[in-house]
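S.K.: okay, sequence plus prediction incoming.
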Amino acid sequence: MREPELHRVVHTMGTVFSCTVRAEPTPRLRRALDEAESLLHHVDEVFSPFRPDSAVTRVRHGRPVPRQWQPELSEIVTLCAAAHRRTGGAFSAWHSGVFDPTGLVKGWAVERAALLLHEAGAERVCLNGGGDVQLYGGPWRVGIAHPLRPGFCAAVVESPGGPLGIATSGPSERGCHIIDPRTGLPPADGPASLTVTGPSLTEADMLATAASCMGSEARGWLGAQQGVAAFGVMPDGQTWSAGAF
C-alpha cells in the first residue's frame, strides 16, 4: 500500500516552493505545513531586496530595522560574514557596498522550513525551493536538471536517509546572473551548472554560489571542503565530481 503524502505549493521570493511529506495527515502536521508556508512568506517579507520596507532595504538606506526582525537579520549577517571569510571573498553579501544576502537566504529558509516539519513529527520530508532541496528521511531520488539538454537529467541524487541538502547553481535557468564579487564580472571559465550536497542546505547553497564564481578552481576547492560533495557540468557537456557524490 502506498504511503500517504501531504503536499503544499507556495509562491514567494519570486519562485515556487514545493513540499512533500510522507506521513499520515495528522492535525499537527497540517498545522506545521501552515507554519512552514508562513515562514517562507515571512523570510520574503524580511529579506527581499525588492520590498520597500524589508530589513534589507532598510539596511541599504540606513533606516532602523524593526526589533522583532533583528535576531534573524543578525543571524544572516553573521552567516554571510563567515561565508565571505571561508570562500576568500567568492561569496559576498555586500556587492559594491550594497547589502544583498539573497545568495544565502533561500537555502537558509528552505532548511528552516524543512526542519520545522521534521520537528513536528515528519520523518520523511522533501522541500524544494527553486531547485534548492532539503531532505529528511528517505528514500528519495532527486534529479539534477541537465543545463545543456532541457528535459533531461545530468545526474540523480539518491538519499536513503537524511538530512541532506542539494543546491544547484549556474547560468542555464536564469542566464548569466552569477558575478564574481572579487572582479565584478561573470566567471570566464565557470561550469554550466554546479550542484553541491551536504547535510545543511544553507551551507550547500552558499558553497554552490561561491564555487560557481571560481571557474576552473571550483573542483579542487570543493574537493577540499569537509562533509560535502559536488557535481559539475561544463559548457562542453563534460562532467566532473568531487567528494563522495
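M.R.: In hand now; what should we look at?
S.K.: show me the biggest helix of this structure in terms of residues.
M.R.: Ranked by residue count under DSSP state H, the longest helix found in the chain is helix 27-47.
S.K.: now do the SS call for the residue nearest the centre of the chain.
M.R.: Centroid-nearest residue in the chain, with C-alpha atoms, centre = their mean: Gly107, separated by 2.9 Å. The three-state label given to Gly107 by DSSP: H, G, I helix; E, B strand; the rest coil is helix.
S.K.: pull the contacting residues for it.
M.R.: 129, 132, 165, 167, 201-202, 204-206 (C-beta atoms under 8 Å, 6 or more residues apart in numbering). To be clear about C-beta, it is placed using only N, CA and C from the backbone, and glycine gets the same treatment.
S.K.: how about a cut-off of 6 Å?
M.R.: Contacts of Gly107 were listed using C-beta atoms under 6 Å, 6 or more residues apart in numbering, and they are 132, 167, 201-202, 205.
S.K.: can you say which helix or strand has the residue lying closest to it once chain neighbours are set aside in it?
M.R.: Of all residues not flanking Gly107 in the chain, Asp205 sits nearest, at 2.8 Å (C-beta to C-beta, 6 or more residues apart in numbering). Per DSSP states H and E, Asp205 falls inside helix 201-212.
S.K.: and the helix or strand just after that helix, how far out from the chain middle?
M.R.: Sequence-wise, the next helix or strand downstream of helix 201-212 (DSSP H and E) is helix 218-223. Centroid separation between helix 218-223 and its chain, computed with C-alpha atoms, centre = their mean, to the nearest Å, is 19 Å.
S.K.: CA atoms only: put helix 218-223 into CSV for me.
M.R.: C-alpha atoms of helix 218-223 as CSV (Å, rounded to 0.1, in the frame of the first residue of the first chain):
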residue,chain,number,x,y,z
ALA,A,218,35.9,25.2,-8.3
ARG,A,219,36.5,21.4,-8.5
GLY,A,220,39.7,21.4,-6.4
TRP,A,221,38.3,23.9,-3.9
LEU,A,222,35.1,21.9,-3.3
GLY,A,223,37.1,18.7,-3.0
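S.K.: helices or strands up against it?
M.R.: Helices and strands touching helix 218-223, by 3 or more C-beta pairs under 6 Å, 6 or more residues apart in numbering; DSSP states H and E, are strand 239-242.
S.K.: partner strands of the strand it packs on, with direction?
M.R.: Using DSSP bridges, the strands paired with strand 239-242 are strand 229-233 (antiparallel).
S.K.: neighbours of the residue nearest to Gly107, how many?
M.R.: Other residues near Asp205 come to 32 when the count uses other C-beta atoms under 10 Å.
S.K.: that one: what's it in contact with?
M.R.: So Asp205 contacts 107, 132, 167 (C-beta under 6 Å, 6+ apart).
S.K.: per-residue pLDDT of it, please?
M.R.: Asp205 carries a pLDDT value of 96.
S.K.: please tell me how far it sits from Val142.
M.R.: Computed with C-beta to C-beta, to the nearest Å, the distance linking Asp205 and Val142 is 15 Å.
S.K.: one more: Ser18?
M.R.: For Ser18, the distance to Val142 - C-beta to C-beta - is 12 Å.
S.K.: with neighbour numbers in mind, choose between those two.
M.R.: Using other C-beta under 10 Å as the criterion, Ser18 and Val142 rank with Val142 on top: 20 against 14.
S.K.: confirm that the more buried one sits in a strand.
M.R.: Yes - Val142 sits within a strand when classified using three-state DSSP.
S.K.: identify the residue nearest it in space, chain neighbours excluded?
M.R.: Val157 (4.6 Å).
S.K.: buried residues of the helix or strand harbouring the one you found, list them for me.
M.R.: Assigning secondary structure by DSSP H and E places Val157 in strand 153-159. Neighbour counts over strand 153-159 (16 or more other C-beta atoms under 10 Å) mark 154-155, 157, 159 as buried.
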